[in-house]
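Asks: everything below, folded, please.
(2 chains)
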2 protein chains.
Amino acid sequence: MTRIDSAKCAALLKENDNFLILAHANPDGDTLGSAFALHRILSVCGKKSAVRCADEIHGKYSYLFDDIDNGDIEFDKIIAVDVADKSLLGDSFAALYGDRVFLCIDHHMSNREYSEYLLLEDRAATAEIIYRLAGELGVETSGKIADCIYTGIATDTGCFMFSNTTPGTHRIAAEMIEKGADYALINRAMFETKTLSYLRLEQMAVSSIELKFGGKCAVMTITQDMFRESGSNESECDGIAALPRKIEGVAIGITVRERKDGSYKVSLRTVEPYDAAEICAELGGGGHNRAAGCEFYCPLSEAKAVLLDAVKAALV
Amino acid sequence: MTRIDSAKCAALLKENDNFLILAHANPDGDTLGSAFALHRILSVCGKKSAVRCADEIHGKYSYLFDDIDNGDIEFDKIIAVDVADKSLLGDSFAALYGDRVFLCIDHHMSNREYSEYLLLEDRAATAEIIYRLAGELGVETSGKIADCIYTGIATDTGCFMFSNTTPGTHRIAAEMIEKGADYALINRAMFETKTLSYLRLEQMAVSSIELKFGGKCAVMTITQDMFRESGSNESECDGIAALPRKIEGVAIGITVRERKDGSYKVSLRTVEPYDAAEICAELGGGGHNRAAGCEFYCPLSEAKAVLLDAVKAALV
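Replies: Next up, the predicted model:
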C-alpha cells in the first residue's frame, strides 16, 4: 500500500483509461455522490468508467446518475470511494474485487489500507477529497458534478450540523451552489422526506421510550412487531438511533432493535464526557466515542438489565 | 421613513450613545442572535445598550447573553432587529415603543416601514446584515459575537437546509466557525434537543395524520387534549407544522392546531408549483408561497371540509 496525495492521484488517473468505481454496501450519500462525481470527472478527462455497488441504490439518489450511461465496461483498474475496508464492499463484491483495488479514495482515518494506492484525507466527507481532485485534474465542478459533491458533503455532515463540519466544508458548499448544485431540492430529498410508514414506526418507538437514572439515560425499543404494524423496514431507519439522545437532559441514548432472528442490535449515542465506545466494548461491541454499538442474544429484559448496569457504572 | 445602507447605518450608530434594542415577540434565534450581536458590537464601540423582548426568552438561548450585563439603561434611541412590523413587537411593546423606533434592521422584504430609518436587505437572516454592519464599524466578529451571528444564520436557514441559503450564507458561517463560534454545541441546542413531552405530542400528532387526494395532501390535527396529555405546549411547537409536507409524495401539508378558545389555526406547507399563500388568501389568510396560514372559528369537521375543498381546487 502506498499513501499518495491528490496530485499523485490525478497522475495515476491520467495514466489509465478504464475504471470500475466501487461504492460501499448499504450505500449513503457520500459514497454515491463521490462515486458519481468521480465518474463524471473522469468522463470530462476522456476516460471510461462505471459505478457499481453490491446493494441496491435507493430511489431517492437517482438524480445523481439518471442522465448518464452507467452500463457495463471493460475495466483495467478498480477504484473504491469512501470504503474504509474491503469487507464494507459487501460479501459478494469483497470476494470479487476486495484484493484487486488499485486506488482507494477515503476520509475514514480508520482505513484498513487494503488498496495498492490510498488517497486518505481527514475531511468531513470523501466528496471534499473528490472536489480537490477535480481541481488537480483541471475539471470544473459544475452542473451535475456540483450536485454529486454537494450531496456527499451535506449528507455526511447532517446538513452542516455535525461537529465534523469545517470552514472548508461550508466554503465548498458555497462554491457548489454557485456552480449550480440544486441544493434546495437535494436537501429536501435527503433530509425532509419521510415515508408515512417510517413516521408511524417512529411514533411507536417514541411511545416505548423509558427514562432512567434521573433522565440522564433514555432507552428506546424497536420490535419486529413494530416493523410489521407500521409497514416500515430496516432500510429507512438509519437515523432513528439518534432520537433518544436528542431528549433534553439525556446524556446516553440507547436504541434496542430486535432483529428477525430474535437477537438485539443496540446503538448507543452519548454526549461528552460519556464514551459510547468504552461502554460497548465492555459488552463485546465497539465504535466511536459518541456513537457505538453491541449485540445481545438473550431475552430483551435480560439485555436491558445488562445494558443499564453498564450505563450506571459509566454515569458514576 | 428613510431607507439606508449599512455605511449610513454605521454612521447613525456612531452619532448616538445609548440604545434600546428590541427583538420581536415569540423570539427566535435570528431576532435574539442579531439583537445580542448588535449589543456586543455596540459595546466594543463604547456605546451602551440593552436588549428587550415582550415575551420570555426560552432557556435554550441563554448562551447568547449569559456572560453580559443586560440591565436597565437610560436610552436615547430605539433599534428594532428582525421586526417586520411594529405589531410583531408584541402588544405591550408595540404600544410602548412602536411609534418611536429610530432604526429598524431587517431582512423581511415585507417590512412595513414603521421606523425612522430602515436598513433592509434581502438576506437569509438579519444576522447576515449585522455581520456586514460589524464590518462597517470595524468590529471583529469573534468569540461570542460569532456565536450570536452563527445562531441567527443557522436557525433562519434550518441549518443551511432551506432554499433561502446562499453561497454568502455558507461563507459567513465558515468565517464565524474560524472566529470561534461554538457551532457544534449551538447546533445541538437549536436542532437536536427536544423535550420528551414534545416527542409525545409529535407522536399523537402523527397518529392523527390523514392522507387525501391520492396521498398528495396530508392533514395533521393537534388538539388542546393532546397538549394536556403530552405535557407539551405551544412554545415548543414552532417546527411541527413542517411535518405533514415531509411525507413522501405529499405536495400540500396541512396542520390544524386547536387554540385554547376553541378556534383553529391552520398552517399550510407546499412544494412547487402549489401556492400556499394563494390557497390561504381564499380562506381569509395569507403568507409566503411555500408557507402560509389561516384561521377558522367553526367546528373542526367544517373547517376541514372547507380547507379540503380549497386544496382540491388547487390540485386540479
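Asks: and A:Tyr274, that one's in a helix?
Replies: No: assignment of A:Tyr274 by DSSP: H, G, I helix; E, B strand; the rest coil gives coil, placing it outside any helix.
Asks: against A:Ala189, how distant is it?
Replies: Noted for A:Tyr274: a distance of 34 Å to A:Ala189, by C-beta to C-beta, to the nearest Å. Where you see a C-beta, it was placed from the backbone N, CA and C, and this is true even at glycine.
Asks: buried residues in stretch A:179-192?
Replies: For stretch A:179-192, the neighbour count (16 or more other C-beta atoms under 10 Å in any protein chain shown) marks A:Lys179, A:Ala181, A:Asp182, A:Tyr183, A:Ala184, A:Ile186, A:Asn187, A:Arg188, A:Ala189, A:Met190, A:Phe191, A:Glu192 as buried.
Asks: want to throw the residues you listed into a markdown table with pLDDT and distance to chain B?
Replies: Output for the buried residues of stretch A:179-192, formatted as a markdown table (pLDDT from 0 to 100; distance: C-beta to the nearest C-beta, whole Å):
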| residue | pLDDT | distance to chain B |
| --- | --- | --- |
| A:Lys179 | 98 | 10 |
| A:Ala181 | 98 | 10 |
| A:Asp182 | 97 | 10 |
| A:Tyr183 | 97 | 7 |
| A:Ala184 | 93 | 4 |
| A:Ile186 | 97 | 10 |
| A:Asn187 | 96 | 5 |
| A:Arg188 | 91 | 8 |
| A:Ala189 | 92 | 10 |
| A:Met190 | 94 | 9 |
| A:Phe191 | 91 | 6 |
| A:Glu192 | 87 | 5 |
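Asks: which among the residues you listed gets closest to A:Gly135?
Replies: Among the buried residues of stretch A:179-192, A:Lys179 lies closest to A:Gly135 (C-beta to C-beta), at 12.4 Å.
Asks: wouldn't the closest one be in contact with A:Lys144 here?
Replies: No: under the criterion of C-beta atoms under 8 Å, A:Lys179 makes no contact with A:Lys144, lying 10.2 Å away.
Asks: name the residues contacting each of those two.
Replies: Between them, A:Lys179 and A:Lys144 share no contacting residue under C-beta atoms under 8 Å, 6 or more residues apart in numbering or on different chains.
Asks: average pLDDT across stretch A:34-47?
Replies: In this model, stretch A:34-47 carries a mean pLDDT of 98.
Asks: how about that stretch: buried residues?
Replies: Neighbour-count burial for stretch A:34-47 [16+ other C-beta under 10 Å]: A:Ser34, A:Ala35, A:Phe36, A:Ala37, A:Leu38, A:His39, A:Arg40, A:Ile41, A:Leu42, A:Cys45, A:Lys47.
Asks: ok, A:Ala314 - contacts?
Replies: A:Ile252, A:Tyr274, A:Asp275, A:Glu278, A:Ile279.
Asks: could you look up the SS state of the last one?
Replies: Yep, that's A:Ile279 we're talking about. Per three-state DSSP, A:Ile279 ends up helix.
Asks: isn't it right up against A:Arg290?
Replies: No: the pair A:Ile279 / A:Arg290 is not scored as a contact, 11.5 Å apart, by C-beta under 8 Å.
Asks: between those two, tell me which one has more neighbours.
Replies: Neighbour count, other C-beta atoms under 10 Å in any protein chain shown: between A:Ile279 and A:Arg290, A:Ile279 has more, with 24 against 17.
Asks: now do the helices in the stretch 1-150 of chain A.
Replies: Remark: helices assigned in the stretch 1-150 of chain A by DSSP state H, counting those that start in this stretch are A:6-15, A:29-44, A:91-97, A:126-137, A:144-156.
Asks: the first one to helix A:29-44, inter-axis angle?
Replies: Between helix A:6-15 and helix A:29-44, the angle comes out at 50 degrees (axes from the mean of the first three to the mean of the last three C-alpha atoms, to 10 degrees).
Asks: run the angle between helix A:6-15 and helix A:126-137 for me.
Replies: Per the same axes, to 10 degrees, the angle that helix A:6-15 makes with helix A:126-137 is 70 degrees.
Asks: same thing with the last one?
Replies: Using the same axes, to 10 degrees, the direction of helix A:144-156 lies 150 degrees away from that of helix A:126-137.
Asks: remind me what helix A:144-156 packs against, helices and strands.
Replies: Under the contact criterion of 3 or more C-beta pairs under 8 Å, 6 or more residues apart in numbering or on different chains; DSSP states H and E, helix A:144-156 touches helix A:29-44, helix A:126-137, helix A:167-178, helix A:183-191.
Asks: what mean pLDDT does the second one get?
Replies: Here the mean pLDDT over helix A:126-137 is 98, rounded to a whole number.
Asks: buried stuff in it?
Replies: Of the residues in helix A:126-137, those buried (16+ other C-beta under 10 Å) are A:Thr126, A:Ala127, A:Glu128, A:Ile129, A:Ile130, A:Tyr131, A:Arg132, A:Leu133, A:Ala134, A:Glu136, A:Leu137.
Asks: residues near A:Glu248, how many?
Replies: Neighbour tally, A:Glu248, other C-beta under 10 Å: 16.
Asks: for the nearest residue to it once chain neighbours are set aside, what are its contacts?
Replies: Leaving aside its sequence neighbours, A:Glu248 sits nearest to B:Thr195 (C-beta to C-beta, 6 or more residues apart in numbering or on different chains; 4.9 Å). For B:Thr195, the contact set (C-beta under 8 Å, 6+ apart) comprises A:Ile247, A:Glu248, B:Ser232, B:Glu236.
Asks: how about the third one, phi and psi?
Replies: Same thing as B:Ser232. phi -90, psi 180 (degrees, to the nearest 10).
Asks: repeat for the first one
Replies: Dihedral angles phi and psi of A:Ile247 (degrees, to the nearest 10) take the values phi -70, psi 130.
Asks: what number of residues lie near it?
Replies: Based on other C-beta under 10 Å, the number of other residues close to A:Ile247 is 23.
Asks: do I have it right that it meets A:Glu210?
Replies: No: counting by C-beta under 8 Å, A:Glu210 is not a contact partner of A:Ile247; they are 11.2 Å apart.
Asks: overlap in contacts, those two.
Replies: Joint contacts of A:Ile247 and A:Glu210 (C-beta under 8 Å, 6+ apart) are A:Ala218.
Asks: show me what contacts the closest residue in space to A:Gly152 that isn't next to it in sequence?
Replies: Leaving aside its chain neighbours, A:Gly152 sits nearest to A:Ala127 (2.5 Å; criterion: C-beta to C-beta, 6+ apart). Contacts for A:Ala127 were tallied using C-beta under 8 Å, 6+ apart; they are A:Asp30, A:Gly33, A:Ser34, A:Ala37, A:Cys148, A:Ile149, A:Tyr150, A:Thr151, A:Gly152, A:Ile153, A:Asp156.
Asks: mind doing that once more with 10 Å?
Replies: Contact analysis of A:Ala127 by C-beta atoms under 10 Å, 6 or more residues apart in numbering or on different chains lists A:29-35, A:37-38, A:81-82, A:105, A:107, A:148-156, A:169, A:172, A:176.
Asks: what do you get for A:Tyr297?
Replies: Taking C-beta under 10 Å, 6+ apart, one finds A:Arg259, A:Asp261, A:Gly262, A:Ser263, A:Tyr264, A:Ala303 in contact with A:Tyr297.
Asks: filter the residues you listed down to just the buried residues.
Replies: Buried residues within the contacts of A:Tyr297, defined by neighbour count using 16+ other C-beta under 10 Å: A:Tyr264, A:Ala303.
Asks: residues near the residue in the stretch 1-150 of chain A positioned nearest to chain B, how many?
Replies: When distances are taken as C-beta to the nearest C-beta, the stretch 1-150 of chain A reaches nearest to chain B at A:Lys60, 8.9 Å away. Using other C-beta under 10 Å, A:Lys60 has 14 other residues around it.
Asks: my read: it touches A:Asp28, true?
Replies: No: look at A:Lys60 against A:Asp28 with C-beta atoms under 10 Å: they stay out of range, at 11.1 Å.
Asks: show me the common contact partners of the two, please.
Replies: A:Met190.
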